[in-house]
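Asks: Below are the sequence and a predicted model; questions follow.
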Amino acid sequence: MMGAKPALLRAGLLLLGLGLLIAVPIGLNRYGVYIMSLWAVMAIAAMGLNLTLGYAGQVSLAQGAFVGIGAYAVAILMTHGMPFIVPLLVAVALSFAIGWALGYPALRVQHHYLAFVTLAFSTLVYLIFRNEEWLTKGIYGIMGFQRPTVFGLSTRTPLAFYYFCLAMLALATAVMAWIVRSPWGRAFVALRENPIRALSLGVDTRRYTLMAFAIGSAMGGFAGALYAPLVEFVDPTPFTLALSLNILMMVIVGGSGFFFGPFLGAAIAVLLPEWLRFAQGWYLVIYAAFVMALLVYTPTGLLGVADRIMANRRTRRASAARAAAAAALDAPGLNPEKP
Amino acid sequence: MKSLAGALVISAALAVPAYAQTIKLIDVAELSGSGATVGTNFKNGADLAVAEINAKGGILGHKIEITHMDTQSNPGVARALVQKALDENPYALLGPGYSGSVKVTAPLVAQAGIAQVMGGEAAELTQMGIPTLFRTSFGQQSSMPKIAKYMAEDLKAKNVALLWVNNDFGKGGRDMVSKELQARGVKIVADLSTEAGQADFAADVVKVKNANPDAVFVYLNEEESARALKELRRQNVNVPLVGETTLLGQKVIELAGEAANGARGHVGLTVDAPIPALQEYGKKFQAKYNYIPDHNGIKGYLGVYMIKAATEKMGKLDPKGLPDALHGLTIKTSAEPGILLDLTIDKNGDLDRESFMGEVVNGKQVIKTVLPKLNP
Amino acid sequence: MSNIVNLLLAGLATGAIYALVAIGFTLLWQTSQTINFAQGEFVMLPAFFVLAALNLKAPLWLALLIGLGASLLVLGAMFKLIIVDPMLRHGVLPLAICTMALSIFLKEGVKESYSAEASPFPSLFPSGNVSVLGAQISIQSISIFVFALAAVYLLQAFLMRTSTGRQMQATAQNPSVAKLLGIPVERMILYTFLINAALVALASFLVSPVYLAKFSAGETLGLSAFIAAIVGGFNQIRGAIAGGLLLGVVDNFAAAYVSTQYRGAVPLFLLIAVILFRPQGLFGRAEERTV
């Protein structure tokens, strides 16, 4: 009975959220729909980083670069006339491969070096996007590719593309849920909780960490593959280190290691500045202050706090029950532990 | 009375801004991120023009109401914001200033059929066949040939080094000028990209020196221009330094001191041109915002006055008619002092007006030649 | 030859600034596991304190003192009390992300409240050049280099020779043992933050005449100093100095002899090479694995 109730609650919340995500954009203007689509795309990227960080405990400062790689792969291949599915798969595969190649030497050395290597990588990738004109058209950017047609349905209108993004988010969520529940996912968690114990139990820690990073990067590439047709223009400026840090912020603010943390984090990073635009020039100042305050009060992220409150309530309920039971036992004076 | 009020409400609700009390302008600009200086100048210039026009009773008796939206210097955001702006049915759109952002937003604005008066300078913008797009300055396709011609013919340079900032402004100018120089048989002996915000130009200048050019083309933003000039002077590079408005403006002179002496080039929009109206504008701007505007500060100002002149020519508030009214329009300072310098808008949305070749002499910008309008 | 001297000296001047800022990174990391992503903005801000004081007609020396005082208060004490203290026990990352938000806050705040324009900043040194080995070197660069090194030397002397300095070192090496020995650990950590604030203020006064006072001036500086700190090992002051100087010089030589378009990449290759072949940094100690 204890287990059934939260599960039911969670299923209810999930359905409610999904219903809202489907219904809300209908009442929004094109701009609102665009922002919601951007949220979906960023949530996918953040979900990938959450796997790397929240489950495998590795800091990557290159998630933004992988989004860029995905976006460029799609933009370049689609302008060469390929149907969307091909560049999409290329984007994911390429990000996975690069993630693997990058993580392999970095994870040979210890812990936070992946953060440093990805920091360097992220800046390098930006320079390549900007300088290798033959491939990326440099600073001018790539235009002239169109949103895909899926099963005969065009996604050209903002609303259609939003539902496409939402479907992709659902797909990514399903894949992620599967990964987290699979033996791999359990190994990731074991790794994060206690690497030495995991090692002594025969888990090949390096391989699993590497896998988590590569899959997380592939999710970044996937998000990028959606970003390109969303904006319908790809240039180097969005894919600086700032984007990687922003995605990292989404994960931390939402609650690193919580399955739905990235959804909340992305909502704060993407939607909140838009709501604050009424404050004119100060909106980013207010936004930054809000994020700081949020982090100071909830360093484990929004879901971390929710989790703590739930846990507290549970312990309180449990201790209340225990106290009641103890009182019941106490009454006849049968409790030997009590002095 | 009631029915009259009702009629007013209905006509307002029919959503044609022409009947609205105020003229709604929306400026989509780079107010944060790497382009913040560009966008803020543009915004301040536009605000100044709006305040002036409103103080004199508005356009055709209607007050202007301007709102600014921040693109964070990101073309994706710019595109979304232009969509948002269009949803609000503005009379016309101002901005953005970055050419990349202009390129992604212009098709959207064209669909809506209203005018977009922007600050981008890349050559290709007005060659995309978009009928609703208008510049507020020379495009690089009109300024760079003048510079190339000056270097090839007046300076008789055979070998030229290029020093440019690697963003869409600098890269666009560099691509255009190197094409024009090569067409005139001039060799590019060094081609040096620099970073926006770069502080140390020692390495770049060493490369310039090693290439031993007859002239150096310097195409950077004002602050970097000043640092580059100082470094060129320090390393004794004594060949002519040629550039555009951003090399010999008052701000550069202030920052570079005597190292700016001898810098020369083409000047499109600057508040130190020998035109009283421009200098007057510079003073007004400085009084209000406490700094000297760069060319972006003039662009925003002119943009609003271009809209005013075209609207007055139509004699009515017709957002969809505005692009047509702007095309082919000649605005004279005698009729509209706010335009600062006689101006003709061509069928592509490019501008034609006088410009200058100037040189910094003893810490002052001196205009050497006045280049007449192409089609006077 | 004069080219090489030129590049070397200009690189050392830039590198000395990186070193000052990188030392701050290292100090904060050592004593309180703080990675300060706003360190670049910390260098940007003091110049604006000075400008604000100058606008109120304060003479330059007073304005500089006010700038230093305001930096100690805001970037030292307030930063520690309001942001670092409540977050410290929750690990490295939330705090690092919080400083990232702080960097946006400072940048945008300065832009809105002061100006989006670059403001000239009074130079503390005469302009002009001197001739060194056939190269013209600006007095500005030499002064920056000398002042930065002098500051570093004083800091080292303070840490090595004074009892407070030694207590700070003990705190940095092992806070719990330091506490057992009766060292007021909290106060020592506060001192570190004050020293960092003083270092960034000095860096700000030295570079602002060249970089100009601008809201975005800290962006590249912060990242470069961060990389310098990593290259130097992140846990040694002399590592940060070496990392900073090396980065400044490498950047200039890379731009001159490799590629200007990829000049930003060369320090990163250096970084990756250091990580792969000498993971503890050039001068760093290997940190024990903390599980």
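Replies: Yes, it's here.

Asks: Counting neighbours, what do you get for whichever residue of the stretch 1-150 of chain B sits closest to chain C?
Replies: Nearest residue of the stretch 1-150 of chain B to chain C, counting by Cβ to the nearest Cβ: residue B:40, 3.8 Å away. Placement of C-beta: from N, CA and C, glycine included. Using other Cβ atoms under 10 Å in any protein chain shown, residue B:40 is surrounded by 27 other residues.

Asks: Just confirm it contacts residue B:31, I think it does.
Replies: Yes: assessed by Cβ atoms under 8 Å, residue B:40 is found in contact with residue B:31 at 6.1 Å.

Asks: Specify the local secondary structure of residue B:360.
Replies: With DSSP: H, G, I helix; E, B strand; the rest coil as the basis, residue B:360 sits in strand.

Asks: What ranges in chain A fall below the confidence cut-off?
Replies: A:1-4, A:109-111, A:328-339 (pLDDT under 70).

Asks: Which residue ranges of it form helices?
Replies: Listed in chain order, the helices found in chain A under DSSP state H are A:4-23, A:30-50, A:63-79, A:85-108, A:113-131, A:133-136, A:158-181, A:183-193, A:195-200, A:205-231, A:241-254, A:261-275, A:283-297, A:302-330.

Asks: Adding distance to residue B:140 and mean neighbour count, write those out as a markdown table.
Replies: Shown next, in a markdown table, are the helices of chain A (distance: least, Cβ to Cβ, whole Å; neighbours: other Cβ atoms under 10 Å in any protein chain shown):
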| stretch | distance to residue B:140 | mean neighbour count |
| --- | --- | --- |
| helix A:4-23 | 45 | 11 |
| helix A:30-50 | 31 | 26 |
| helix A:63-79 | 24 | 28 |
| helix A:85-108 | 32 | 20 |
| helix A:113-131 | 19 | 23 |
| helix A:133-136 | 17 | 13 |
| helix A:158-181 | 33 | 18 |
| helix A:183-193 | 52 | 17 |
| helix A:195-200 | 57 | 14 |
| helix A:205-231 | 25 | 26 |
| helix A:241-254 | 28 | 26 |
| helix A:261-275 | 33 | 22 |
| helix A:283-297 | 31 | 20 |
| helix A:302-330 | 48 | 12 |
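
Asks: need those in CSV with distance to chain B, can you?
Replies: What follows is the helices of chain A, written out as CSV (distance: least, Cβ to the nearest Cβ, whole Å):
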stretch, distance to chain B
helix A:4-23, 19
helix A:30-50, 3
helix A:63-79, 10
helix A:85-108, 17
helix A:113-131, 7
helix A:133-136, 9
helix A:158-181, 8
helix A:183-193, 32
helix A:195-200, 39
helix A:205-231, 4
helix A:241-254, 9
helix A:261-275, 9
helix A:283-297, 6
helix A:302-330, 24
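
Asks: Let me know how buried the residue in the stretch 1-150 of chain B that chain A sits nearest to is, in neighbour terms.
Replies: Nearest residue of the stretch 1-150 of chain B to chain A: residue B:84, at 3.5 Å (Cβ to the nearest Cβ). When neighbours are counted by other Cβ under 10 Å, residue B:84 registers 20.

Asks: Please compute how far the helix or strand where it lies lies from its chain's middle.
Replies: Per DSSP states H and E, residue B:84 falls inside helix B:75-87. Computed by Cα atoms, centre = their mean, to the nearest Å, the chain-centroid distance of helix B:75-87 equals 21 Å.

Asks: wait, which of the helices of chain A is closest to residue B:132?
Replies: helix A:30-50 (18.1 Å; Cβ to Cβ).

Asks: same for the closest one, what does it pack against?
Replies: For helix A:30-50, the elements it packs on are helix A:63-79, helix A:158-181, helix A:205-231, helix A:241-254, helix A:261-275, helix B:75-87, judged by 3 or more Cβ pairs under 8 Å, 6 or more residues apart in numbering or on different chains; DSSP states H and E.
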